[in-house]
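1. Following is a predicted model, sequence given first.
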Amino acid sequence: MTSEKELPMLPLYETPAHDSYHDTESRTSHSSLHSDSRPTLKEETEGLPYERPGLWARIVDESRSLWRQVVEYAEHVSGPNTRGAVLCKVAVIALFVSSIFALIFVSVRGSPPSTPSFGSSTSQTLASTDKSMDAAIRALWKSTIPAYDADVETIDGSQFHINPPAQWIQPLGQQLCIVNTDTRPMNDTNQVWAANETTFDWREVSGWSGAGYLNQYLYSRIHGYRYIYVQTAAPPGYVGAWARPGAWRHILPQCRVIVYADSDVIYANLHLPFEWLLNHWGVPYHSSSINMALEPKEVPGWNLNDIHGKHSQNPGFTVIHNAPGEHKIQTMLSKWTNCLSETDYPGCASLKSDWPAEMGGFNNYIRYDFPELVRTIPCTEALGWPEWDMECKGLFLRHYTLRKDLVKPGMEEAIARPLMTALQKDMVRQKSKLFDDETGEMWVGLAKENDSAEEEGESGP
């Protein structure tokens, strides 16, 4: 039974457990990571999916047909492998890139979930059994995804090297959960759970309406991870973020790794697998941990130290590793969830309705009780953005804490920049087929004609 001051568990909305990226052997290699007898959300909600039968099949078929027609026409007019034909193909690719936002929206949207009351046990699955979206996304990004221990270059041009031996060498697939939580329904016009296609216009989307969620959802689809959206509802007088630890505790048995991010966070490098990031940050493979970025050293007008004077960590991007056979994370999340009851942490209730809220609960109390679990991520890699005049530049994840207006353009750059770079490299590779270097001879011929005309003019009457 829940005590008067204890926060109850929260309902979840979840995408189906799909893993079309890894073979059966890769998937089954992780099947024994958890042996929890609890039913999964999918089992709890069997028979309740919102489906769009055949939608992506029709989209892909139409796209393929259009592509064939454009190629045939371009080659008929300009000849095969000419600049005219290539430019037509490039135009179609550019059109597809500009359309990807709408495609992602339709796939993630399903039907909008209703907002449950706080403490409801209802779970619903957002589903689409059609695999065409997976195939389309994979085809776009496949050539850009590095190995989990590879040297990589970010979209900003920074170079990174993984120190051997890499611990995370097998794909996590559905054992890695990309998680969002929000107290807002987000189902108004131009928001991420808008009722249908006619009420969503990417041109009108803002950083407050779900652009960050779409980025995170796309990231999960690129790499075959599980995406879970948690609709929460806090009691009156509570900061909504206090619901997060309880939500994470609820879904923990289903995920070896939980990756939570606020709505103003985007993956700047969509091509980087999270297994690579786990290796880069040195997250231990065999032991549990909770990982967060440090706050900037100093932000005018903000106190970023805890009550003990120690520099704070920001839970707006949190990586939780729940190692098999361990229960420390479950215990930690339970204590964090019940911090406001002051059973274990006198003074925590003062954080109930004001900032730093759950962040203060973690920094002031929880991390001191579980120091063996707490790890830090460099501020410049998972907080801030390149233009911020702080040391945090968001090299891997942009966290636009004070500039929500930059979330949408940040997502657009995250998609367009690597794809356009790959497209440019492909043009260079095929230069011998595409490049016509006859312009020099044309100018020489034109110059000779001009010289002849001038000579005839000088010798004329």
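-> On my side now, so go ahead. Everything quoted here is computed from the prediction, not taken from an experiment.
2. Going by C-alpha atoms from here, please, whenever you check contacts or count neighbours.
-> Noted.
3. Show me where the stretch 1-150 of the chain dips below the pLDDT cut-off.
-> Applying pLDDT under 70 to the stretch 1-150 of the chain flags the ranges 1-130.
4. Within the helices and strands, which one has the nearest residue to residue 365 once chain neighbours are set aside?
-> In this structure, residue 365 finds its nearest non-sequential neighbour in residue 345, 6.8 Å apart by CA to CA, 6 or more residues apart in numbering. Using DSSP states H and E, residue 345 sits in no helix or strand.
5. Relative to residue 387, how far out is residue 345?
-> Computed as CA to CA, to the nearest Å, the residue 345 to residue 387 distance reads 39 Å.
6. Please, where are all the helices along the stretch 201-350 of the chain?
-> 211-223, 243-251, 274-280, 328-337 (DSSP state H, counting those that start in this stretch).
7. so what's residue 386 up against?
-> 392-395 (CA atoms under 8 Å, 6 or more residues apart in numbering).
8. Throw the residues you listed into TSV and include neighbour count, thanks.
-> Shown next, in TSV, are the contacts of residue 386 (neighbours: other CA atoms under 10 Å):
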residue	neighbour count
392	24
393	21
394	24
395	24
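9. about what we covered before: which one's more surrounded, residue 345 and residue 387?
-> Between residue 345 and residue 387, counted using other CA atoms under 10 Å, residue 345 has the larger neighbour count: 17 against 9.
10. so the more buried one makes contact with residue 336?
-> No - the pair residue 345 / residue 336 is not scored as a contact, 9.6 Å apart, by CA atoms under 8 Å.
11. correct me, but residue 390 touches residue 379?
-> No - with contact defined as CA under 8 Å, residue 390 does not count as touching residue 379 (9.8 Å).
12. Residues that sit against both of these two, list them.
-> Joint contacts of residue 390 and residue 379 (CA under 8 Å, 6+ apart) are residue 296.
13. So which of those two has more stuff around it?
-> Taking neighbours as other CA under 10 Å, residue 390 and residue 379 compare with residue 379 leading, 22 against 15.
14. quick one, what contacts that one?
-> 293-296, 391-394.
15. Please provide the alpha-carbon coordinates for whichever strand or helix holds residue 425, formatted as CSV.
-> In this assignment (DSSP H and E), residue 425 forms part of helix 407-429. The C-alpha trace of helix 407-429 is given here as CSV (Å, rounded to 0.1, in the frame of the first residue of the first chain):
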residue,chain,number,x,y,z
VAL,A,407,16.0,22.5,-30.4
LYS,A,408,14.2,22.4,-33.8
PRO,A,409,17.1,23.8,-35.9
GLY,A,410,19.5,21.5,-34.0
MET,A,411,17.4,18.5,-35.0
GLU,A,412,17.4,19.6,-38.6
GLU,A,413,21.1,19.9,-38.7
ALA,A,414,21.5,16.5,-37.0
ILE,A,415,19.7,14.9,-39.9
ALA,A,416,20.8,17.0,-42.9
ARG,A,417,24.5,17.4,-42.1
PRO,A,418,25.6,13.8,-42.1
LEU,A,419,23.4,12.8,-45.0
MET,A,420,24.6,15.7,-47.1
THR,A,421,28.2,14.9,-46.2
ALA,A,422,27.6,11.2,-47.3
LEU,A,423,26.0,12.4,-50.5
GLN,A,424,28.9,14.7,-51.3
LYS,A,425,31.4,11.9,-50.7
ASP,A,426,29.4,9.7,-53.0
MET,A,427,29.5,12.3,-55.7
VAL,A,428,33.3,12.6,-55.3
ARG,A,429,33.7,8.8,-55.5
